[in-house]
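Chemist: Need coordinates for the below:
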Amino acid sequence: MKSPGGFTLVELLAVICILALIASLGTPAIQKMRDKAESTACLSNLRQIGTAVWLWIPDNGNRFPQIENDPANPVYEPDDGAKTLWETLSPYGLTTNTLRCPSEIKAGGKYFKQFTNSYECPPWAGDEAAASGQIQIYRQGGTFNIPASRVTLAWDYENVHSGGFNRLRADNTVSYMSLKPKYK
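Modeler: The predicted structure follows:
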């Protein structure tokens, strides 16, 4: 008598267990790759914001834009003409998708829901002159220059990238900034 050509229940369960084990070992690596892809998409968004800023600058007296992050709690005076990031840079190719950090959206999208923007623009470069790789800062004691590579124009509202955040510098470079200590 010939035996049937199928699998026994034990063989089938053994194969399922092996596949489950392989899948569980690969899950952290897959998640790490997904997080890296989201961070890379965020860096691309920041680079596009930087490009839009540098397209805006020559049309507006070679000065950096004044970006109002939260119009309900303004940083600038009402007559300064400060607008949101979207209002300021949409004529220069900025889209709502560019203002959406995938990691922030995955974490609940609190800031995107509130401000239609996942990125914050600190006010220190607002309305300052952009001149040959330097930012001219006018203060009470006089004028001084700061290298554009040292001034942050935009960053993530929250540290949503593996314990850190992405940032855009005034020289249109983007980078990841870890908040984890290097040494323990």
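Chemist: Identify the residues contacting the residue nearest to the spatial centre of the chain.
Modeler: With distances taken as C-alpha atoms, centre = their mean, the residue of the chain nearest its centroid is residue 42 (4.1 Å). Residue 42 is in contact with 101-104, 118, 156, 161, 166, counting by C-beta atoms under 8 Å, 6 or more residues apart in numbering. Where you see a C-beta, it was placed from the backbone N, CA and C, and this is true even at glycine.
Chemist: now the helices for this structure?
Modeler: In the chain, the helices defined using DSSP state H lie at 9-59, 85-89, 102-106, 110-115.
Chemist: Make TSV from the ones you listed and add mean pLDDT and distance to residue 148 to it.
Modeler: TSV is the format used below for the helices of the chain (pLDDT from 0 to 100; distance: least, C-beta to C-beta, whole Å):
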stretch	mean pLDDT	distance to residue 148
helix 9-59	88	10
helix 85-89	94	18
helix 102-106	92	26
helix 110-115	92	25
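Chemist: so which of those gets nearest residue 173?
Modeler: Set against residue 173 and scored by C-beta to C-beta, those come closest in helix 9-59, at 8.0 Å.
Chemist: now that closest one, how far from the chain's geometric center?
Modeler: Helix 9-59 sits 15 Å away from the centroid of its parent chain (C-alpha atoms, centre = their mean, to the nearest Å).
Chemist: again with stretch 121-138
Modeler: Per C-alpha atoms, centre = their mean, the displacement of stretch 121-138 from the mean C-alpha position of its chain is 21 Å.
Chemist: and that stretch, what's its mean pLDDT?
Modeler: Confidence over stretch 121-138 (mean pLDDT, whole number) is 77.
Chemist: Please point out which parts of stretch 167-184 sit buried.
Modeler: Residues 167-172, 174, 176 are the ones in stretch 167-184 that count as buried (16 or more other C-beta atoms under 10 Å).
Chemist: swap in stretch 63-77?
Modeler: So for stretch 63-77, counting by 16+ other C-beta under 10 Å, buried means 63-69, 75.
Chemist: Pipe the residues you listed into a markdown table and attach distance to residue 145 and pLDDT per row.
Modeler: Formatted as a markdown table, the buried residues of stretch 63-77 follow (distance: C-beta to C-beta, whole Å; pLDDT from 0 to 100):
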| residue | distance to residue 145 | pLDDT |
| --- | --- | --- |
| 63 | 14 | 88 |
| 64 | 14 | 89 |
| 65 | 19 | 92 |
| 66 | 20 | 92 |
| 67 | 21 | 93 |
| 68 | 26 | 92 |
| 69 | 25 | 91 |
| 75 | 23 | 88 |
